[in-house]
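Student: Would you be able to build a 3D model of this:
(chains A and B)
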2 protein chains.
Amino acid sequence: MSEPLVEVVRADLVEVIHRGDVAVVDSTGTLRASVGDPVGKITYSRSAAKPFQALPLIHTGAADRWHLTAPDLALIAGSHNGEPVHTEQAAALLDKIGCDLSDLICGAHPPLESQAAAALLRGHEEPTTLHNNCSGKHIGMLALAKHLGVDPRGYQTPGHPVQTAILEAISRFSGVRQESVTIGIDGCGVPCFGTSLYSMALAFARLMEPREGSQPYAGSARGIRTAMAAHPYLVAGLGRFDTDLMRAGVDGLVSKGGASGVQCVGLPGGLGLAIKIEDGAMGPPPAPGAVVTIAILEQLGILDPDQVSALAAHGQPILHNVSGQVVGQARPIFELVINQAPATSRV
Amino acid sequence: MSEPLVEVVRADLVEVIHRGDVAVVDSTGTLRASVGDPVGKITYSRSAAKPFQALPLIHTGAADRWHLTAPDLALIAGSHNGEPVHTEQAAALLDKIGCDLSDLICGAHPPLESQAAAALLRGHEEPTTLHNNCSGKHIGMLALAKHLGVDPRGYQTPGHPVQTAILEAISRFSGVRQESVTIGIDGCGVPCFGTSLYSMALAFARLMEPREGSQPYAGSARGIRTAMAAHPYLVAGLGRFDTDLMRAGVDGLVSKGGASGVQCVGLPGGLGLAIKIEDGAMGPPPAPGAVVTIAILEQLGILDPDQVSALAAHGQPILHNVSGQVVGQARPIFELVINQAPATSRV
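Tutor: Purely as a prediction, here's the structure:
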């Protein structure tokens, strides 16, 4: 049962409550802490799967073949804002692998970042597939198909060699057999992956410290996590929680959100966090997944008080009305349940 | 305790759950049906208070004094889209009462309707306070202040004669003593009103059929509800649930949503519905308050199957991804608890 995680207060009343579930898992598979039902909560990781969807590029040699740089890999593993820095990187990447816009099936949507979106409208320009927050991931899929020597067309279809390679990576990191991963269609047309929140957190723990089935991907995991940590602006962009958290001062931390209220974090040393907001809220303002993440990292002693203060716009956001007046605040209302007997609790 | 009301399914998984509470109350104060905790759930009605905030205009004679038409009253009681038809009506109304833009304290935000917002950007125009979805309400407050012969400045402050008149109307319709109404600051800077969901539903029942304390406002209530029902496009606009529900074929029905997941409906004969989505979600897509409202009206036999079908975009919305592919659906997952002994259940 999902638990109340965040409340939004206006004057003397709690106006909004966001419920959800949390899993904190280490790379050995031990559930270290939780809220709600980390094992019973089954949901799609959505874009939080992108680091794993990028792994086969390194694992198969496609990244070397196409001379993919760390910025390229950060863009491929990210959900970018569609700012010029993102679309320029995406256009160069598409060119590098010898493809063009007509090869991308993600569809076009306005940039997630409001000023970039407004600039397009003011310039009477239409958004292209490069502005789609998933364009990096799609270009990565094309790069993998061409490297594998298969027809890139249909790269979004389950069973296509690109999707077969990705599902294997998802399975090995999450510890779930391929046939037990629920497949849905994501917002950009490619498969998305349903597992327990526990398995999602385990996948992020293993991204930081590959073990067991994920061990053969050790070099690929290092490549993706270091690219994301080194280029957090390409993973998301202006004002975005993933970018700001990766810049907060925890060396090597990897943060990746997903649609419908998913937020995952990988911590150096092999700890993974996965959060699902039951109602799918993503904000802003506020993004309850960000409020919860910061509260967890504070409760675990990973963020110090200065870092928490620096992230206050995400962690304890003040609500302003149209005129800029303060009218309320969002705040965390849960405590992590720390697993006192980790040796016996492996799931 | 809020109950699960709406689920959003993607392929084989429920990806999102919206919880909430529902009250269905008649004008005598009998709780006729409910979900969750209609009496214990205390929240702000937000913009669902607008019909009541408009009542003093008629009650004091200000509407006659300023020759307010039914379209004017619909705009004043509405949360409009900022389409040209709305801003033109608002501009004419502001002029009619001898005020100008500098008198409005609501602040400017882009039109709620996406094409109207895009048109402003393409034309390199900035939104004005007339585009604020609450501009009608604010102009109504100015009209009341001027009619009362008081300084309009500070019309947003509790204790200003405008707010005193509004709080009296809120109290008389909701059956809550003035000192027991929780006052917050709304998104547009004026007071918003916190009561139980039961009291909110009672207010809408009495808007349709004034009784007891609201009886002296009988003519004012008729004026507001008939203006809204006759001019639903001015209450909201293109694609909006309030507009579409008032056009669905139930004569005289009044629908008014509010921010953070509030949806209220008044039915001819004196029945009021109030819904609060716990997580504040408003969509689209989907707007869980709309899904719940249509399910209630169907369960009560007020909407027939053809009307439910015509409202399917609001009631059982299909989710499409960026490329237009169907990826999921939202649907109601509750049954109204019908009060079997209404005579003894008056709250």
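Student: Residue A:262 is in contact with residue A:49, isn't it?
Tutor: No. With contact defined as Cβ atoms under 8 Å, residue A:262 does not count as touching residue A:49 (9.2 Å). (Glycine included, C-beta is placed from N, CA and C.)
Student: quick one: contacts for the closest residue to residue A:211 other than its chain neighbours?
Tutor: In this structure, residue A:211 finds its nearest non-sequential neighbour in residue A:27, 5.0 Å apart by Cβ to Cβ, 6 or more residues apart in numbering or on different chains. Contact analysis of residue A:27 by Cβ atoms under 8 Å, 6 or more residues apart in numbering or on different chains lists A:202, A:205, A:206, A:208, A:209, A:210, A:211, A:270, A:271, A:272.
Student: Would you mind measuring the gap between the ends of stretch A:103-112?
Tutor: 22 Å (Cα to Cα, to the nearest Å).
Student: Next: stretch A:66-75.
Tutor: End-to-end for stretch A:66-75, by Cα to Cα: 15 Å.
Student: Show the average pLDDT along it.
Tutor: Per-region confidence: stretch A:66-75 scores 98 on mean pLDDT.
Student: Of residue A:262 and residue A:49, give the one with the bigger neighbour count.
Tutor: residue A:49 (29 against 26; other Cβ atoms under 10 Å in any protein chain shown).
Student: any idea how far the more buried one lies from residue B:96?
Tutor: 57 Å (Cβ to Cβ, to the nearest Å).
Student: mind listing the strands in chain A by residue range?
Tutor: A:3-10, A:13-26, A:31-35, A:42-44, A:182-185, A:191-196, A:254-258, A:262-267, A:271-277, A:318-320, A:326-332, A:337-338 (DSSP state E).
Student: Next, format those as a markdown table and append distance to residue B:150 and mean pLDDT.
Tutor: Putting the strands of chain A into a markdown table (distance: least, Cβ to Cβ, whole Å; pLDDT from 0 to 100) gives the following:
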| stretch | distance to residue B:150 | mean pLDDT |
| --- | --- | --- |
| strand A:3-10 | 28 | 97 |
| strand A:13-26 | 29 | 98 |
| strand A:31-35 | 52 | 98 |
| strand A:42-44 | 55 | 98 |
| strand A:182-185 | 59 | 97 |
| strand A:191-196 | 58 | 98 |
| strand A:254-258 | 50 | 98 |
| strand A:262-267 | 50 | 98 |
| strand A:271-277 | 46 | 98 |
| strand A:318-320 | 29 | 93 |
| strand A:326-332 | 25 | 95 |
| strand A:337-338 | 57 | 96 |
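Student: Enumerate every residue touching the closest residue to residue A:39 other than its chain neighbours.
Tutor: Counting by Cβ to Cβ, 6+ apart, residue A:39 lies nearest to residue A:198, which is 4.9 Å off, once chain neighbours are set aside. Neighbour list for residue A:198: A:23, A:25, A:31, A:38, A:39, A:274, A:347 [criterion: Cβ under 8 Å, 6+ apart].
Student: Tell me how far residue A:198 lies from residue A:176.
Tutor: Distance from residue A:198 to residue A:176, by Cβ to Cβ: 10 Å.
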